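K.L.:
what follows is a predicted structure for the sequence shown.
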Amino acid sequence: MAMNEIRQQARKSAAERVARLRQQRADLVKKQEELSATVMAALAERDAVIADAERRAGAALRELASSGLSLAQAAQWCELVDKEAARLVKLAAQSATAEGASTARKPSVATGSFPIIGR
């Protein structure tokens, strides 16, 4: 084999190796991106479930307190510290207010117009 053929073969082998390494790196990055997206989606789902559970707990706690107990007594019944009970009730009230506001802004089906609020 001539020296030129040996060099060509070596260059070809090196180029093939570099191409394989690039492909492996690209595959790894793609897999990492997919796993990262999976983690972020799972955490967003968890946060949504927690927010909903806290909203429902706050609404039930508010109802318990309105049944004749003080908020401190209702918190004691649920083995909550007063600060946590107040946070949950406030969260439920904010959610109820936000839901009411979004309902009030929906257009009327019959007219296709938005209701005037506060007039």
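P.N.:
Yep, that arrived.

K.L.:
okay, now the unreliable bits of the protein?
P.N.:
1, 101-119 (pLDDT under 70).

K.L.:
distance check, residue 80 against residue 58.
P.N.:
As judged by CB to CB, to the nearest Å, residue 80 and residue 58 stand 11 Å apart. Bear in mind the C-beta positions are built from the backbone N, C-alpha and C, glycine included.

K.L.:
what sits in contact with each of those two?
P.N.:
Listed as contacting both residue 80 and residue 58 by CB atoms under 8 Å, 6 or more residues apart in numbering are residue 88.

K.L.:
more neighbours, these two?
P.N.:
Neighbour tally, residue 80 and residue 58, criterion other CB atoms under 10 Å: the higher count belongs to residue 58, 22 against 18.

K.L.:
so what's the residue nearest to the more buried one when sequence neighbours are not counted up against?
P.N.:
Leaving aside its chain neighbours, residue 58 sits nearest to residue 92 (3.0 Å; criterion: CB to CB, 6 or more residues apart in numbering). Residues in contact with residue 92, defined by CB under 8 Å, 6+ apart, are 55-59, 61-62.

K.L.:
other SSEs contacting the helix or strand containing residue 55?
P.N.:
Element membership for residue 55, per DSSP states H and E: helix 3-65. Applying 3 or more CB pairs under 8 Å, 6 or more residues apart in numbering; DSSP states H and E, one finds that helix 3-65 makes contact with helix 71-77, helix 82-104.

K.L.:
who does the shortest one touch, helix- and strand-wise?
P.N.:
Applying 3+ CB pairs under 8 Å, 6+ apart, one finds that helix 71-77 makes contact with helix 3-65, helix 82-104.

K.L.:
of the ones you listed, flag the one that's most buried.
P.N.:
Highest mean neighbour count of the helices and strands packed on helix 71-77: helix 82-104, a mean of 14 (counted as mean count of other CB atoms under 10 Å).
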